[in-house]
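Asks: the amino acid sequence is not available; the structure is as follows:
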């Protein structure tokens, strides 16, 4: 599995995929990324040390992702990230966190001592589909509520059962309320959630302009950031 990459197009940055303790929620219907979690602290800390040793600071920006939220990384790994921020002159961090951690984001910003852009896996702003089908456990009611805490939503498109109207609304809310965002085109995995090829084709045609939008990253494959498998 590749765990380090240099992103040189939109929002240039180094990106690392670290290992963490199990996701505090871990019950999203569409997610099998939890297979990368661990309970072996020593092995996680060592693996993460090896991955982080590749960070050069060449772009001044570092994104840290893991199979869950940044708050589930070992304390030793978070301390190492903080050291690297200072040693490599990192000016900005990107982290991801679940909605349940919304009241702890400033705590992490204070700990790291530099600006942190927080991503959140929204998947969709359609509350019924998000909660009753995807089982996201994120009980916000509006994009405005998310924007009060988080900087960059991650949205998912192309799921069987999703509609064009849902996607249109999500794209409109993304551009209206957020300076940055990520759109993940769903890929079949080991769960029972399935990709809708016709919906994907429609999205890629109608929203092709997002490929040139510097504020939105469209991931057609889950490895488009150059990490994972």
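Replies: Cool, the structure landed. Predicted model, so just to flag it, every value in this text is computed and none were measured.
Asks: quick one, strands of the chain?
Replies: 4-7, 13-17, 61-65, 92-96, 116-123, 152-157, 181-185, 216-219 (DSSP state E).
Asks: where does this protein dip in pLDDT?
Replies: Regions of the chain meeting the criterion pLDDT under 70 cover residues 222-229.
Asks: which residue ranges form the helices in it?
Replies: Taking DSSP state H as the test, the helices found in the chain are 41-52, 75-87, 105-112, 127-128, 143-147, 164-177, 197-206.
Asks: rebuild these as CSV, extending it with mean neighbour count and distance to residue 34.
Replies: Where you see a C-beta, it was placed from the backbone N, CA and C, and this is true even at glycine. As requested, the helices of the chain are arranged in CSV below (neighbours: other C-beta atoms under 10 Å; distance: least, C-beta to C-beta, whole Å):
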stretch, mean neighbour count, distance to residue 34
helix 41-52, 16, 14
helix 75-87, 16, 18
helix 105-112, 14, 21
helix 127-128, 12, 24
helix 143-147, 17, 23
helix 164-177, 17, 24
helix 197-206, 14, 24
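Asks: could I get those as a markdown table with distance to residue 31?
Replies: Listed next are the helices of the chain as a markdown table, based on distance: least, C-beta to C-beta, whole Å:
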| stretch | distance to residue 31 |
| --- | --- |
| helix 41-52 | 19 |
| helix 75-87 | 21 |
| helix 105-112 | 21 |
| helix 127-128 | 18 |
| helix 143-147 | 19 |
| helix 164-177 | 18 |
| helix 197-206 | 19 |
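Asks: to residue 220, which of these lies closest?
Replies: For the helices of the chain, the distance to residue 220 is smallest for helix 197-206, at 7.6 Å, taking C-beta to C-beta.
Asks: between the helices of the chain, which gets nearest to residue 137?
Replies: Closest approach to residue 137 among these is made by helix 127-128 (12.0 Å; C-beta to C-beta).
Asks: contacts for the closest one?
Replies: The contact list for helix 127-128, computed with C-beta atoms under 8 Å, 6 or more residues apart in numbering, reads 140-141.
Asks: how far is it from where the chain is centred?
Replies: From the chain centre to the centre of helix 127-128 is a distance of 20 Å (C-alpha atoms, centre = their mean, to the nearest Å).
Asks: same check on stretch 137-156?
Replies: Centroid separation for stretch 137-156 versus its chain: 12 Å, with C-alpha atoms, centre = their mean.
Asks: make sure residue 39 is actually in contact with residue 21.
Replies: Yes: using C-beta atoms under 8 Å, residue 39 is in contact with residue 21, at 6.5 Å.
Asks: quick one: which of the two has more around it?
Replies: Higher neighbour count among residue 39 and residue 21: residue 21, with 19 against 8, using other C-beta atoms under 10 Å.
Asks: just give me the neighbour total for the residue lying closest to the more buried one once chain neighbours are set aside.
Replies: Counting by C-beta to C-beta, 6 or more residues apart in numbering, residue 72 is the residue found nearest to residue 21 once chain neighbours are left out, at 4.8 Å. Applying other C-beta under 10 Å, we find 20 residues neighbouring residue 72.
Asks: same thing with residue 187?
Replies: Around residue 187 there are 13 residues (other C-beta under 10 Å).
Asks: and what of residue 154?
Replies: 18.
Asks: residues contacting the nearest residue to it once chain neighbours are set aside?
Replies: Nearest residue to residue 154 in three dimensions, chain neighbours excluded: residue 182, at 4.5 Å (C-beta to C-beta, 6+ apart). By C-beta under 8 Å, 6+ apart, the contact list for residue 182 reads 119, 152-155, 216-219.
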